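Trainee: Give the three-dimensional model of this entry:
(one chain, ligands or ions: 1)
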Amino acid sequence: MKRVAAVDLGASSGRVMRAEVSADRLELVQVTRFWNGPVDLRGSLHWDILHLYRSVLDGLAAAGPVDSLGIDSWAVDYGLLSEGQLLGNPFHYRDSRTSTSVEGVTAEELYQITGLQQLPINTLYQLAAERLLGQADTLLLIPDLLGYWLTGSIGVERTNASTTQLYDVRAREWSCQLAERVGVPARVLPRLWDAGEVVGSWEGTPVIAVGSHDTASAVVAVPAEEERFAYISSGTWSLVGLELAEPVLTEEARLANFSNEGGVDGRIRFLRNVMGLWILQECQRSWADDDLGQLLREAAAARPFAVLIDPDAPEFLAPGGMPQRITDHIRRTGQEVPQSRGAVVRCILESLALAYRRTLRAAQQIADKPVDVVHVIGGGSQNELLCQLTADACGLPVLAGPVEASALGNVLVQARALGEPLPDLAAMRALVRSTHHLRRYTPQGKPADWDAAESRMFGTGDFA
Ligand code: LFR
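Mentor: Residues are numbered from 1 along each chain as shown. Next up, the predicted model:
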(Lines give C-alpha, C1' and ligand atoms only; values in the text may rest on other atoms or scores of the structure.)
Protein backbone atom coordinates (compact mmCIF):
# COMPACT_ATOMS: atom_id res chain seq x y z
CA MET A 1 0.00 0.00 0.00
CA LYS A 2 1.25 3.50 -0.84
CA ARG A 3 0.25 6.79 0.68
CA VAL A 4 0.42 9.73 -1.72
CA ALA A 5 -0.61 13.39 -1.87
CA ALA A 6 -2.38 14.90 -4.87
CA VAL A 7 -2.48 18.61 -5.51
CA ASP A 8 -5.46 19.17 -7.80
CA LEU A 9 -6.08 22.75 -8.91
CA GLY A 10 -9.32 23.63 -10.68
CA ALA A 11 -10.37 27.00 -12.04
CA SER A 12 -12.63 27.74 -9.06
CA SER A 13 -10.96 25.81 -6.22
CA GLY A 14 -7.80 23.95 -5.36
CA ARG A 15 -7.46 20.85 -3.19
CA VAL A 16 -4.75 18.89 -1.51
CA MET A 17 -5.82 15.27 -1.12
CA ARG A 18 -4.22 12.28 0.56
CA ALA A 19 -4.79 8.78 -0.74
CA GLU A 20 -4.05 5.22 0.22
CA VAL A 21 -3.64 3.07 -2.84
CA SER A 22 -2.91 -0.60 -3.46
CA ALA A 23 -4.08 -3.10 -6.07
CA ASP A 24 -7.45 -3.41 -4.32
CA ARG A 25 -7.72 -0.21 -2.32
CA LEU A 26 -8.24 3.42 -3.33
CA GLU A 27 -9.15 5.78 -0.53
CA LEU A 28 -9.04 9.50 -0.98
CA VAL A 29 -9.48 12.16 1.69
CA GLN A 30 -9.51 15.89 1.20
CA VAL A 31 -6.88 17.52 3.38
CA THR A 32 -7.46 21.16 2.39
CA ARG A 33 -9.58 23.07 -0.07
CA PHE A 34 -8.89 26.68 -1.03
CA TRP A 35 -10.29 29.39 -3.24
CA ASN A 36 -9.06 29.91 -6.77
CA GLY A 37 -10.25 32.29 -9.45
CA PRO A 38 -9.45 35.29 -11.59
CA VAL A 39 -8.15 38.48 -10.01
CA ASP A 40 -8.88 41.61 -12.02
CA LEU A 41 -5.85 43.92 -12.02
CA ARG A 42 -7.09 47.10 -13.69
CA GLY A 43 -8.73 45.22 -16.52
CA SER A 44 -6.26 42.29 -16.83
CA LEU A 45 -7.23 38.89 -15.42
CA HIS A 46 -4.57 37.00 -13.48
CA TRP A 47 -4.27 34.00 -11.19
CA ASP A 48 -3.18 34.61 -7.62
CA ILE A 49 -0.19 32.34 -8.09
CA LEU A 50 1.49 33.00 -4.74
CA HIS A 51 -1.75 32.34 -2.88
CA LEU A 52 -1.92 29.03 -4.75
CA TYR A 53 1.67 28.14 -3.91
CA ARG A 54 1.17 29.09 -0.25
CA SER A 55 -2.01 26.98 -0.15
CA VAL A 56 -0.17 24.04 -1.72
CA LEU A 57 2.57 24.28 0.94
CA ASP A 58 -0.01 24.47 3.75
CA GLY A 59 -1.93 21.53 2.29
CA LEU A 60 1.17 19.38 1.91
CA ALA A 61 2.21 20.15 5.48
CA ALA A 62 -1.27 19.17 6.68
CA ALA A 63 -1.22 15.97 4.60
CA GLY A 64 1.62 14.58 6.74
CA PRO A 65 4.23 12.07 5.58
CA VAL A 66 3.58 10.53 2.16
CA ASP A 67 5.52 8.33 -0.26
CA SER A 68 5.21 10.89 -3.07
CA LEU A 69 3.26 13.87 -4.33
CA GLY A 70 1.98 15.02 -7.73
CA ILE A 71 0.37 18.17 -9.10
CA ASP A 72 -2.33 18.63 -11.73
CA SER A 73 -4.16 21.79 -12.76
CA TRP A 74 -6.11 23.39 -15.56
CA ALA A 75 -4.18 23.67 -18.81
CA VAL A 76 -2.79 26.32 -21.17
CA ASP A 77 -1.61 28.93 -18.63
CA TYR A 78 2.05 29.56 -17.93
CA GLY A 79 4.67 31.51 -16.06
CA LEU A 80 7.82 32.88 -17.69
CA LEU A 81 11.17 32.67 -15.93
CA SER A 82 14.42 34.50 -16.38
CA GLU A 83 17.37 32.94 -14.54
CA GLY A 84 14.95 31.11 -12.28
CA GLN A 85 12.88 34.17 -11.37
CA LEU A 86 9.21 34.54 -12.31
CA LEU A 87 8.65 37.41 -14.76
CA GLY A 88 5.22 38.89 -14.14
CA ASN A 89 2.17 37.33 -12.58
CA PRO A 90 0.61 34.60 -14.77
CA PHE A 91 -2.44 35.65 -16.76
CA HIS A 92 -5.79 33.89 -16.51
CA TYR A 93 -6.82 32.24 -19.78
CA ARG A 94 -10.07 34.22 -19.74
CA ASP A 95 -8.15 37.50 -20.06
CA SER A 96 -9.30 39.30 -23.20
CA ARG A 97 -5.87 40.09 -24.71
CA THR A 98 -5.91 37.06 -27.05
CA SER A 99 -7.38 36.24 -30.45
CA THR A 100 -7.22 33.09 -32.57
CA SER A 101 -5.01 34.37 -35.29
CA VAL A 102 -1.27 34.22 -35.48
CA GLU A 103 1.07 35.06 -38.32
CA GLY A 104 3.51 32.63 -39.88
CA VAL A 105 1.36 29.50 -40.18
CA THR A 106 -1.96 28.56 -41.78
CA ALA A 107 -4.78 27.06 -39.74
CA GLU A 108 -4.46 23.82 -41.74
CA GLU A 109 -0.76 23.45 -41.03
CA LEU A 110 -1.21 24.33 -37.40
CA TYR A 111 -3.77 21.55 -37.07
CA GLN A 112 -1.57 19.04 -38.89
CA ILE A 113 1.21 19.63 -36.37
CA THR A 114 -0.63 20.19 -33.10
CA GLY A 115 -4.08 18.63 -33.67
CA LEU A 116 -5.65 21.28 -31.44
CA GLN A 117 -8.96 23.09 -31.64
CA GLN A 118 -8.81 26.84 -32.17
CA LEU A 119 -9.55 28.41 -28.82
CA PRO A 120 -8.40 31.90 -27.84
CA ILE A 121 -7.25 30.46 -24.49
CA ASN A 122 -4.50 28.31 -26.07
CA THR A 123 -0.96 29.12 -24.92
CA LEU A 124 0.07 29.94 -28.48
CA TYR A 125 -2.41 32.83 -28.69
CA GLN A 126 -1.58 34.01 -25.21
CA LEU A 127 2.10 34.11 -26.15
CA ALA A 128 1.26 36.07 -29.30
CA ALA A 129 0.05 38.84 -26.96
CA GLU A 130 2.82 38.36 -24.37
CA ARG A 131 5.10 41.34 -23.68
CA LEU A 132 7.67 39.56 -21.50
CA LEU A 133 8.63 36.79 -23.90
CA GLY A 134 11.79 38.57 -25.08
CA GLN A 135 13.19 38.62 -21.53
CA ALA A 136 12.31 35.00 -20.72
CA ASP A 137 14.57 31.97 -20.86
CA THR A 138 11.98 29.40 -19.70
CA LEU A 139 8.25 28.81 -20.00
CA LEU A 140 6.57 26.58 -17.42
CA LEU A 141 2.92 25.56 -17.32
CA ILE A 142 1.14 26.07 -14.00
CA PRO A 143 1.71 22.61 -12.42
CA ASP A 144 5.33 22.67 -13.53
CA LEU A 145 5.81 26.18 -12.16
CA LEU A 146 4.53 25.11 -8.74
CA GLY A 147 6.59 21.92 -9.03
CA TYR A 148 9.68 23.99 -9.85
CA TRP A 149 9.19 26.09 -6.74
CA LEU A 150 8.92 22.89 -4.69
CA THR A 151 11.83 21.00 -6.26
CA GLY A 152 14.03 23.32 -8.32
CA SER A 153 13.55 20.99 -11.33
CA ILE A 154 12.69 22.51 -14.69
CA GLY A 155 10.54 20.67 -17.21
CA VAL A 156 7.01 20.41 -18.61
CA GLU A 157 4.88 17.27 -18.49
CA ARG A 158 3.62 16.07 -21.86
CA THR A 159 -0.16 15.91 -21.37
CA ASN A 160 -0.25 19.59 -20.50
CA ALA A 161 2.35 20.52 -23.15
CA SER A 162 -0.10 19.08 -25.67
CA THR A 163 -2.60 21.86 -24.88
CA THR A 164 -0.23 24.70 -25.77
CA GLN A 165 -0.55 24.44 -29.58
CA LEU A 166 3.26 24.42 -29.74
CA TYR A 167 3.55 20.64 -29.39
CA ASP A 168 3.78 18.11 -32.19
CA VAL A 169 1.10 15.57 -31.33
CA ARG A 170 2.59 12.81 -33.49
CA ALA A 171 6.26 13.28 -32.59
CA ARG A 172 5.33 13.87 -28.90
CA GLU A 173 7.86 16.72 -28.74
CA TRP A 174 7.72 20.50 -28.86
CA SER A 175 7.47 21.72 -32.41
CA CYS A 176 10.44 24.08 -32.15
CA GLN A 177 10.15 24.94 -35.81
CA LEU A 178 6.53 26.00 -35.41
CA ALA A 179 7.41 27.93 -32.26
CA GLU A 180 10.12 29.93 -34.02
CA ARG A 181 7.85 30.63 -36.98
CA VAL A 182 5.15 32.13 -34.77
CA GLY A 183 7.64 34.17 -32.78
CA VAL A 184 8.11 31.97 -29.70
CA PRO A 185 11.85 31.45 -29.14
CA ALA A 186 12.50 27.71 -28.89
CA ARG A 187 14.91 28.40 -25.99
CA VAL A 188 11.94 28.96 -23.65
CA LEU A 189 10.56 25.43 -24.20
CA PRO A 190 12.10 23.15 -21.57
CA ARG A 191 12.57 19.41 -21.57
CA LEU A 192 9.43 17.27 -21.51
CA TRP A 193 8.49 14.72 -18.87
CA ASP A 194 6.19 11.72 -19.12
CA ALA A 195 3.52 11.09 -16.52
CA GLY A 196 5.05 8.68 -14.02
CA GLU A 197 8.59 10.15 -14.02
CA VAL A 198 10.11 11.17 -10.71
CA VAL A 199 11.12 14.78 -11.33
CA GLY A 200 12.59 15.86 -8.01
CA SER A 201 11.87 15.97 -4.33
CA TRP A 202 10.33 18.31 -1.79
CA GLU A 203 11.56 18.02 1.81
CA GLY A 204 12.64 14.45 1.10
CA THR A 205 9.36 13.42 -0.59
CA PRO A 206 9.61 12.36 -4.25
CA VAL A 207 7.67 14.58 -6.63
CA ILE A 208 6.19 12.57 -9.51
CA ALA A 209 4.99 14.03 -12.81
CA VAL A 210 1.38 12.90 -13.16
CA GLY A 211 -1.04 13.65 -16.00
CA SER A 212 -0.49 17.27 -15.00
CA HIS A 213 -3.37 18.48 -17.15
CA ASP A 214 -6.39 17.93 -14.89
CA THR A 215 -8.43 16.53 -17.77
CA ALA A 216 -5.70 13.98 -18.56
CA SER A 217 -5.75 12.83 -14.93
CA ALA A 218 -9.56 12.77 -14.92
CA VAL A 219 -9.66 10.54 -18.01
CA VAL A 220 -7.30 8.07 -16.30
CA ALA A 221 -10.04 7.64 -13.67
CA VAL A 222 -12.93 7.03 -16.10
CA PRO A 223 -14.32 3.77 -14.68
CA ALA A 224 -14.90 2.29 -18.13
CA GLU A 225 -15.20 -1.45 -18.49
CA GLU A 226 -15.29 -1.68 -22.28
CA GLU A 227 -13.51 0.14 -25.08
CA ARG A 228 -16.69 1.67 -26.50
CA PHE A 229 -17.12 4.62 -24.15
CA ALA A 230 -17.29 8.39 -24.35
CA TYR A 231 -16.57 10.75 -21.47
CA ILE A 232 -17.65 14.15 -20.30
CA SER A 233 -15.23 15.60 -17.77
CA SER A 234 -17.69 17.99 -16.20
CA GLY A 235 -16.58 20.98 -14.16
CA THR A 236 -16.08 24.63 -15.00
CA TRP A 237 -15.55 23.34 -18.56
CA SER A 238 -17.11 20.24 -20.04
CA LEU A 239 -14.50 18.24 -21.94
CA VAL A 240 -16.47 16.00 -24.23
CA GLY A 241 -14.95 13.23 -26.31
CA LEU A 242 -13.34 9.86 -26.83
CA GLU A 243 -10.09 8.13 -26.00
CA LEU A 244 -8.14 7.07 -29.08
CA ALA A 245 -4.87 5.30 -29.82
CA GLU A 246 -3.87 7.75 -32.58
CA PRO A 247 -4.69 11.38 -33.35
CA VAL A 248 -7.29 12.17 -36.03
CA LEU A 249 -5.93 15.08 -38.04
CA THR A 250 -8.37 15.12 -40.93
CA GLU A 251 -9.87 18.26 -42.40
CA GLU A 252 -13.23 17.09 -41.05
CA ALA A 253 -11.82 16.95 -37.50
CA ARG A 254 -10.26 20.39 -37.89
CA LEU A 255 -13.44 21.99 -39.22
CA ALA A 256 -15.44 20.44 -36.39
CA ASN A 257 -12.81 21.96 -34.06
CA PHE A 258 -11.79 18.78 -32.25
CA SER A 259 -8.62 18.63 -30.16
CA ASN A 260 -6.22 15.72 -30.03
CA GLU A 261 -4.77 16.20 -26.56
CA GLY A 262 -2.04 13.92 -25.29
CA GLY A 263 -3.20 11.50 -22.62
CA VAL A 264 -1.43 9.37 -20.04
CA ASP A 265 0.31 6.30 -21.55
CA GLY A 266 0.36 7.87 -25.01
CA ARG A 267 -3.41 7.85 -25.48
CA ILE A 268 -5.17 10.64 -27.36
CA ARG A 269 -8.03 12.63 -25.87
CA PHE A 270 -10.13 13.45 -28.91
CA LEU A 271 -12.44 16.10 -27.52
CA ARG A 272 -14.00 19.50 -27.69
CA ASN A 273 -14.24 22.11 -24.95
CA VAL A 274 -17.89 22.84 -24.25
CA MET A 275 -18.33 25.98 -22.15
CA GLY A 276 -19.65 23.85 -19.28
CA LEU A 277 -21.00 24.71 -15.85
CA TRP A 278 -19.10 28.00 -15.99
CA ILE A 279 -22.23 29.64 -17.42
CA LEU A 280 -24.32 28.45 -14.48
CA GLN A 281 -21.58 29.26 -11.93
CA GLU A 282 -21.35 32.78 -13.30
CA CYS A 283 -25.15 33.23 -13.16
CA GLN A 284 -25.10 32.10 -9.54
CA ARG A 285 -22.32 34.58 -8.81
CA SER A 286 -24.30 37.44 -10.39
CA TRP A 287 -27.47 36.42 -8.59
CA ALA A 288 -25.55 35.93 -5.32
CA ASP A 289 -27.42 32.63 -5.08
CA ASP A 290 -25.45 29.63 -3.87
CA ASP A 291 -28.45 27.33 -3.36
CA LEU A 292 -27.79 25.12 -6.38
CA GLY A 293 -30.19 22.43 -5.12
CA GLN A 294 -33.12 24.86 -5.14
CA LEU A 295 -32.19 26.26 -8.57
CA LEU A 296 -32.07 22.73 -9.98
CA ARG A 297 -35.47 21.87 -8.48
CA GLU A 298 -36.92 24.98 -10.14
CA ALA A 299 -35.19 24.08 -13.40
CA ALA A 300 -36.60 20.55 -13.27
CA ALA A 301 -40.11 22.03 -12.95
CA ALA A 302 -39.62 24.62 -15.74
CA ARG A 303 -41.06 24.11 -19.24
CA PRO A 304 -38.80 21.92 -21.42
CA PHE A 305 -37.16 23.37 -24.55
CA ALA A 306 -38.64 26.83 -23.97
CA VAL A 307 -35.44 28.57 -25.01
CA LEU A 308 -31.95 27.46 -26.10
CA ILE A 309 -28.54 29.07 -26.29
CA ASP A 310 -25.29 28.07 -27.94
CA PRO A 311 -23.09 27.56 -24.87
CA ASP A 312 -19.96 27.81 -27.02
CA ALA A 313 -20.75 31.32 -28.24
CA PRO A 314 -17.66 33.47 -27.59
CA GLU A 315 -19.58 36.00 -25.51
CA PHE A 316 -19.89 33.45 -22.69
CA LEU A 317 -16.11 33.08 -22.19
CA ALA A 318 -15.39 36.16 -20.07
CA PRO A 319 -16.47 36.55 -16.45
CA GLY A 320 -19.17 38.96 -15.27
CA GLY A 321 -22.73 39.88 -16.18
CA MET A 322 -23.65 36.37 -17.34
CA PRO A 323 -27.47 36.66 -16.93
CA GLN A 324 -27.41 39.77 -19.14
CA ARG A 325 -25.21 38.07 -21.74
CA ILE A 326 -27.68 35.19 -21.86
CA THR A 327 -30.60 37.60 -22.25
CA ASP A 328 -28.81 39.42 -25.09
CA HIS A 329 -28.02 36.11 -26.82
CA ILE A 330 -31.65 35.01 -26.51
CA ARG A 331 -32.98 38.33 -27.88
CA ARG A 332 -30.49 38.29 -30.74
CA THR A 333 -31.65 34.81 -31.72
CA GLY A 334 -35.32 35.90 -31.69
CA GLN A 335 -36.47 33.88 -28.69
CA GLU A 336 -38.50 34.79 -25.66
CA VAL A 337 -36.48 35.79 -22.59
CA PRO A 338 -37.11 33.46 -19.62
CA GLN A 339 -38.79 35.12 -16.68
CA SER A 340 -37.47 33.04 -13.77
CA ARG A 341 -34.09 31.80 -12.57
CA GLY A 342 -35.36 28.22 -12.83
CA ALA A 343 -36.16 28.78 -16.51
CA VAL A 344 -32.69 30.26 -17.14
CA VAL A 345 -31.05 27.26 -15.46
CA ARG A 346 -33.18 24.88 -17.50
CA CYS A 347 -32.12 26.73 -20.65
CA ILE A 348 -28.43 26.40 -19.70
CA LEU A 349 -28.67 22.69 -18.88
CA GLU A 350 -30.71 21.71 -21.94
CA SER A 351 -28.36 23.71 -24.12
CA LEU A 352 -25.34 21.96 -22.57
CA ALA A 353 -26.97 18.55 -23.09
CA LEU A 354 -27.54 19.44 -26.74
CA ALA A 355 -23.94 20.57 -27.12
CA TYR A 356 -22.81 17.23 -25.63
CA ARG A 357 -25.05 15.37 -28.04
CA ARG A 358 -23.78 17.11 -31.16
CA THR A 359 -20.16 16.84 -29.98
CA LEU A 360 -20.40 13.13 -29.21
CA ARG A 361 -22.21 12.37 -32.45
CA ALA A 362 -19.56 14.25 -34.43
CA ALA A 363 -16.70 12.61 -32.48
CA GLN A 364 -17.99 9.09 -33.12
CA GLN A 365 -18.50 9.78 -36.79
CA ILE A 366 -15.19 11.59 -37.40
CA ALA A 367 -13.09 9.10 -35.42
CA ASP A 368 -15.18 6.18 -36.69
CA LYS A 369 -15.56 4.88 -33.15
CA PRO A 370 -19.12 4.21 -31.96
CA VAL A 371 -19.82 4.14 -28.24
CA ASP A 372 -22.42 2.48 -26.00
CA VAL A 373 -22.09 4.53 -22.83
CA VAL A 374 -21.21 8.04 -21.69
CA HIS A 375 -19.17 8.42 -18.50
CA VAL A 376 -19.72 11.73 -16.72
CA ILE A 377 -16.87 12.42 -14.28
CA GLY A 378 -15.90 15.36 -12.07
CA GLY A 379 -18.00 17.77 -9.99
CA GLY A 380 -20.73 18.00 -12.63
CA SER A 381 -21.45 14.27 -12.23
CA GLN A 382 -23.37 15.28 -9.09
CA ASN A 383 -25.81 17.38 -11.10
CA GLU A 384 -28.63 14.86 -11.47
CA LEU A 385 -30.77 16.96 -13.79
CA LEU A 386 -27.85 17.54 -16.16
CA CYS A 387 -26.92 13.84 -16.14
CA GLN A 388 -30.50 12.84 -16.98
CA LEU A 389 -30.78 15.46 -19.74
CA THR A 390 -27.43 14.22 -21.11
CA ALA A 391 -28.71 10.64 -21.26
CA ASP A 392 -31.95 11.83 -22.92
CA ALA A 393 -30.18 14.08 -25.45
CA CYS A 394 -27.52 11.53 -26.40
CA GLY A 395 -29.89 8.57 -26.38
CA LEU A 396 -27.24 6.65 -24.42
CA PRO A 397 -26.93 5.48 -20.82
CA VAL A 398 -24.91 7.82 -18.62
CA LEU A 399 -22.73 6.49 -15.81
CA ALA A 400 -21.99 9.30 -13.35
CA GLY A 401 -18.92 9.41 -11.11
CA PRO A 402 -16.38 9.57 -9.67
CA VAL A 403 -16.61 13.20 -8.54
CA GLU A 404 -12.90 13.54 -7.73
CA ALA A 405 -11.73 12.07 -11.02
CA SER A 406 -8.70 14.35 -11.50
CA ALA A 407 -7.34 13.67 -8.03
CA LEU A 408 -7.90 9.93 -8.48
CA GLY A 409 -6.06 9.89 -11.82
CA ASN A 410 -3.26 11.84 -10.18
CA VAL A 411 -2.87 9.36 -7.29
CA LEU A 412 -3.19 6.28 -9.52
CA VAL A 413 -0.29 7.35 -11.73
CA GLN A 414 1.82 8.03 -8.63
CA ALA A 415 0.96 4.66 -7.10
CA ARG A 416 2.02 2.88 -10.27
CA ALA A 417 5.28 4.83 -10.40
CA LEU A 418 5.93 3.74 -6.81
CA GLY A 419 5.52 0.10 -7.82
CA GLU A 420 1.90 -0.79 -7.01
CA PRO A 421 0.66 -3.45 -9.46
CA LEU A 422 -1.51 -1.21 -11.64
CA PRO A 423 0.15 -2.00 -14.96
CA ASP A 424 -2.12 -0.14 -17.34
CA LEU A 425 -5.15 2.13 -17.68
CA ALA A 426 -7.48 -0.87 -17.67
CA ALA A 427 -6.20 -1.91 -14.22
CA MET A 428 -6.49 1.63 -12.87
CA ARG A 429 -10.03 1.95 -14.21
CA ALA A 430 -11.04 -1.41 -12.77
CA LEU A 431 -9.83 -0.21 -9.36
CA VAL A 432 -11.88 3.00 -9.63
CA ARG A 433 -14.91 0.90 -10.64
CA SER A 434 -14.60 -1.48 -7.72
CA THR A 435 -14.09 1.26 -5.14
CA HIS A 436 -16.59 3.92 -6.26
CA HIS A 437 -20.34 3.99 -6.51
CA LEU A 438 -21.54 5.05 -9.98
CA ARG A 439 -25.02 6.31 -10.71
CA ARG A 440 -26.75 5.13 -13.88
CA TYR A 441 -29.12 7.31 -15.95
CA THR A 442 -31.17 5.66 -18.68
CA PRO A 443 -32.47 7.75 -21.59
CA GLN A 444 -36.06 8.93 -21.08
CA GLY A 445 -38.49 11.13 -23.00
CA LYS A 446 -39.03 11.40 -26.72
CA PRO A 447 -35.95 11.39 -28.97
CA ALA A 448 -37.93 13.49 -31.49
CA ASP A 449 -38.07 16.37 -29.00
CA TRP A 450 -34.25 16.47 -28.93
CA ASP A 451 -34.04 16.23 -32.73
CA ALA A 452 -36.37 19.23 -32.97
CA ALA A 453 -34.41 21.10 -30.31
CA GLU A 454 -31.12 20.43 -32.09
CA SER A 455 -32.39 21.83 -35.34
CA ARG A 456 -33.41 25.00 -33.48
CA MET A 457 -30.01 25.45 -31.92
CA PHE A 458 -27.87 28.32 -33.00
CA GLY A 459 -24.40 27.04 -33.84
CA THR A 460 -21.11 28.89 -33.84
CA GLY A 461 -20.58 27.54 -37.34
CA ASP A 462 -18.22 24.78 -36.20
CA PHE A 463 -20.84 22.17 -36.96
CA ALA A 464 -22.45 23.91 -39.92
C1 LFR B 1 -10.39 21.88 -17.39
C2 LFR B 1 -9.35 22.45 -18.32
C3 LFR B 1 -9.61 22.11 -19.76
C4 LFR B 1 -8.85 23.20 -20.44
C5 LFR B 1 -9.29 24.36 -19.61
C6 LFR B 1 -8.41 25.56 -19.63
O7 LFR B 1 -10.13 22.25 -16.08
O8 LFR B 1 -8.05 22.01 -17.97
O9 LFR B 1 -9.21 20.81 -20.14
O10 LFR B 1 -9.14 23.34 -21.79
O11 LFR B 1 -9.38 23.85 -18.28
O12 LFR B 1 -7.15 25.27 -19.12
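Trainee: what about the stretch 351-464 of the chain, any weak spots by pLDDT?
Mentor: Residue ranges of the stretch 351-464 of the chain with pLDDT under 70: 458-464.
Trainee: if you set the cut-off to 50 instead, what comes out?
Mentor: 460-464 (pLDDT under 50).
Trainee: pretty sure residue 79 is in a strand, no?
Mentor: Yes. Using DSSP: H, G, I helix; E, B strand; the rest coil, the assignment for residue 79 is a strand.
Trainee: Any idea what it is bridged to?
Mentor: residue 140 (DSSP bridges).
Trainee: Could you tell me the per-residue confidence at residue 103?
Mentor: On the pLDDT scale, residue 103 is placed at 89.
Trainee: Check whether it sits in a helix, strand or coil.
Mentor: Once three-state DSSP is applied, residue 103 turns out coil.
Trainee: Quick check: the gap between the closest residue to it other than its chain neighbours and residue 165.
Mentor: Once flanking residues are discounted, residue 103 sits nearest to residue 182: 7.2 Å by CB to CB, 6 or more residues apart in numbering. For the C-beta atoms, the positions are set from N, CA and C on the backbone; glycine is no exception. Distance from residue 182 to residue 165, counting by CB to CB, to the nearest Å: 9 Å.
Trainee: shared neighbours of those two, anything?
Mentor: Shared contacts of residue 182 and residue 165 (CB atoms under 8 Å, 6 or more residues apart in numbering): residue 124.
Trainee: Which one's more surrounded, these two?
Mentor: Higher neighbour count among residue 182 and residue 165: residue 165, with 29 against 19, using other CB atoms under 10 Å.
Trainee: so that one touches residue 124, yeah?
Mentor: Yes. Look at residue 165 against residue 124 with CB atoms under 8 Å: they come within range, at 3.7 Å.
Trainee: roughly how far apart are the closest residue to the ligand within the stretch 351-464 of the chain and residue 202?
Mentor: Closest contact between the stretch 351-464 of the chain and the ligand, by CB to the nearest ligand atom, is at residue 406 (7.9 Å). Distance check for residue 406 against residue 202: by CB to CB, it reads 20 Å.
Trainee: More neighbours: these two, which one.
Mentor: A count of neighbours by other CB under 10 Å puts residue 406 above the other of residue 406 and residue 202, at 34 against 18.
Trainee: Which residues are in contact with that one?
Mentor: Going by CB under 8 Å, 6+ apart, residue 406 touches 8, 10, 72, 214-215, 217-218, 221, 378.
Trainee: redo that, cut-off 10 Å
Mentor: Residues near residue 406 by CB atoms under 10 Å, 6 or more residues apart in numbering: 6, 8-10, 15, 17, 72-74, 210-211, 213-221, 233, 235, 377-379.
Trainee: Stretch 1-8 close to the ligand?
Mentor: No. Counting by CB under 6 Å from any ligand atom, the ligand has no neighbours in stretch 1-8; the shortest distance is 10.0 Å.
Trainee: For that stretch, the averaged confidence score.
Mentor: The average pLDDT for stretch 1-8 rounds to 98.
Trainee: gap between the two ends of stretch 361-372?
Mentor: Stretch 361-372 has its terminal residues 12 Å apart, counting by CA to CA, to the nearest Å.
Trainee: Perfect, that will be all.
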